[in-house]
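1. Here is the input, now give the coordinates:
(2 chains)
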Amino acid sequence: MKITTWNINSVRLRMPLVARFLKSHSPDVLLLQETKCRDAEFPASDFRSLGYPHLAINGQKGYHGVAIASKHPLEPLGARDFCKAGHARHIAAEVKVGGEPLRLHNFYVPAGGDEPDREINPKFAHKLDFLDEMREWTRDEGVSQGRVILAGDLNIAPLEHDVWSHKALLKVVSHTPIEVEKLTKAFDAGGWVDALRRFVPAEEKLYTWWSYRAADWSASDRGRRLDHIWVSPTLGGALREMQVLREARGWERPSDHAPTTIVLEV
DNA sequence: ATGGTAGCGATGCTA
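-> Residues are numbered from 1 along each chain as shown, chains lettered A, B, ... in the order given. Below is the predicted model of the structure:
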């Protein structure tokens, strides 16, 4: 079972890149964030043609938006409106593998704006509240019980080597101590396994995102690990492979995020 | 310390 998460930054604009990725890597399931279109505008027929006819979509006009595309039938499990903000930032579905259901939660956590102070920046306050709700939801609803994957653009790089410079980014939204603490509490509440770090030690750099604003993103290599795949305790032993497709960041008119994939033996 | 780019959709907001 191969599962990819990718912040696509407009699914309509980048459908050719999605097609290129699906044809070359053929994941069973693709989780997308920042689709940036209403459900009626989602390029469903393109996904059907590519062999991904099963879709669970939660979109909105212009901003945010998440989707799950699958080769295998999906059982929709709905979308939670975190913080009652009316944003499309979560979608869940179940896919059957070998007769056993595998539950998928696809997240797009708020980026949080520029100023890391909840008193003066409502977007940062929203991000912190969103993370608190993720922890409470995980704890109170037993979200990580059974075969479950929580993945997506979590917009936080929690470890020192999830960013190009820990020291330089301590006051930069995505790597501040308060965000890291709240994300870690949500992670601990589920007993989740950090699937990507199972394959790359904490002492090694690992990024999934490189800013559009760099003159040469690859040469400067000032990346961050903003995209994550967490698996439930039950699935930890089933992890076999991980890949961050860095080369996709160098494709024509790319997303600023790279497709990030795990393989599970289930 | 600063400013740099991108998408949506029609002006500034979000990232």
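
2. In terms of helices and strands, where is the most centrally placed residue in chain A?
-> Per CA atoms, centre = their mean, the C-alpha nearest to the average position across chain A is that of residue A:152, at 1.1 Å. Assigned by DSSP states H and E, residue A:152 falls within strand A:148-153.

3. Contacts for that strand, please.
-> Strand A:148-153 is contacted from outside by A:3, A:5, A:7, A:31, A:33-34, A:66, A:102-109, A:143-144, A:190, A:192, A:226-232, A:234-235, A:257, using CB atoms under 8 Å, 6 or more residues apart in numbering. Bear in mind the C-beta positions are built from the backbone N, C-alpha and C, glycine included.

4. how does it look with 6 Å?
-> A:5, A:7, A:31, A:33, A:103-108, A:226-227, A:229-232 (CB atoms under 6 Å, 6 or more residues apart in numbering).

5. Which ones among those lie within strands?
-> Using DSSP state E, the members of the contacts of strand A:148-153 that fall in strands are A:5, A:7, A:31, A:33, A:103-108, A:227, A:229-231.

6. Are stretch A:112-127 and DNA strand B in contact anywhere?
-> Yes - Stretch A:112-127 reaches DNA strand B (CB under 7 Å from any atom of the strand) through A:112-113, A:123.

7. Write a PyMOL command that selects only the buried members of those residues.
-> If you want just the buried ones from those in PyMOL, going by 16 or more other CB atoms under 10 Å, the selection is:
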select buried, chain A and resi 112+113
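
8. quick one on the thing from earlier: ok, and the closest non-adjacent residue to the residue nearest to the centre of chain A?
-> Spatial nearest neighbour of residue A:152, excluding adjacent residues (CB to CB, 6 or more residues apart in numbering): residue A:107 at 3.7 Å.

9. Tell me the confidence at that neighbour?
-> At residue A:107, the model reports a pLDDT of 98.

10. so what's it bridging to?
-> residue A:90, residue A:152 (DSSP bridges).

11. for chain A, what are the low-confidence residue spans?
-> Residue ranges of chain A with pLDDT under 70: none are present.

12. Report the secondary structure state of residue A:262.
-> strand (DSSP: H, G, I helix; E, B strand; the rest coil).

13. Secondary structure element holding residue A:87?
-> Going by DSSP H and E, residue A:87 is not part of any helix or strand.

14. how much space between it and DNA strand B?
-> When distance is defined by CB to the nearest atom of the strand, to the nearest Å, residue A:87 is 8 Å away from DNA strand B.

15. For that residue, which non-adjacent residue is closest in space?
-> The nearest residue in space to residue A:87 (CB to CB, 6+ apart) is residue A:64, at 5.1 Å.

16. Name all residues that make contact with the one you found.
-> Contacts of residue A:64 (CB under 6 Å, 6+ apart): A:87-89, A:108.

17. about what we covered before: which pair in the ones in strands among the contacts of strand A:148-153 spans the largest distance?
-> Using CB to CB, those span at most 21.1 Å, a distance reached by A:7 and A:103.

18. So for those two, which residue has more residues nearby?
-> residue A:7 (24 against 19; other CB atoms under 10 Å).

19. And for the closest residue in space to the more buried one that isn't next to it in sequence, the neighbour number?
-> What sits nearest to residue A:7 in space, not counting adjacent residues and going by CB to CB, 6+ apart, is residue A:257, at 3.8 Å. For residue A:257, the neighbour count with other CB under 10 Å is 24.

20. For residue A:257, give the beta-bridge partners.
-> residue A:209.
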